[in-house]
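*Asks:* below: sequence and its predicted model.
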Amino acid sequence: MNVNIEVINIPGTTANLKWAQEQPRLELPVLTKEQKSIAKDFGMTEEQYAESILARQYSETRYRRYAEQFGQFLAKAARAYRFESVDVIYDGFDNKFHCWLIERGAKVPLVFDANIIISPLEAGDKNGLLEAEKAVKNAVEFLARDAGTKKSAVASRQ
């Protein structure tokens, strides 16, 4: 099953910027000429701008992890039906997973509040993750029934 993950509109946080400021200077990205010009235009030092880039990269990595976990749950649930692939876009602006289950070119949309994954992951709550997985499975099952998708048959050898 093909799972496509995209992360957009990731918010910057003071905590992530503070984290970036505490990292060794060697960890800061090397700025391009254009980035140096942007830093100057914003009245920032090159180091401050590099810290903001590192903070954004950290945020994107963190939110991508959430989207990938959600994508794993969605793909596992979709495999039980004849969906060929799933697309997941985590949108930090509305804090939602915007998803499409794809079958023979047809896209079935699905939207989940991202806190279904974020909260249990950040809390280390395994039961919360199991509940999230169950909720995703139930939603896919409902959509598959509604879309007329048949459950995949699993053959066994005897």
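*Replies:* Done, it's in. Numbering: from 1, shown residues only.
*Asks:* for the helix or strand containing residue 20, buried residues please.
*Replies:* Following DSSP states H and E, one finds residue 20 within helix 14-21. Within helix 14-21, the residues that count as buried by 16 or more other C-beta atoms under 10 Å are 16, 17, 20. C-beta coordinates here come from the backbone N, C-alpha and C atoms, glycine included.
*Asks:* and stretch 97-107, by the same measure?
*Replies:* Applying 16+ other C-beta under 10 Å to stretch 97-107 flags 97, 98, 99, 100, 101, 102, 103 as buried.
*Asks:* contacts for it next, please.
*Replies:* With contact meaning C-beta atoms under 8 Å, 6 or more residues apart in numbering, stretch 97-107 is reached by 67, 70, 74, 78, 81-91, 108-114, 117, 140, 143-144, 147, 149.
*Asks:* and that stretch, average pLDDT?
*Replies:* What stretch 97-107 shows for mean pLDDT is 92.
*Asks:* equivalent analysis for stretch 9-25, please.
*Replies:* 92.
*Asks:* turn the buried residues of helix 14-21 into CSV, including distance to residue 59.
*Replies:* Compiled in CSV, the buried residues of helix 14-21 are given as follows (distance: C-beta to C-beta, whole Å):
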residue, distance to residue 59
16, 5
17, 9
20, 10
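*Asks:* and for residue 128, the neighbour number?
*Replies:* Residue 128 sits with 16 neighbouring residues when counted by other C-beta atoms under 10 Å.
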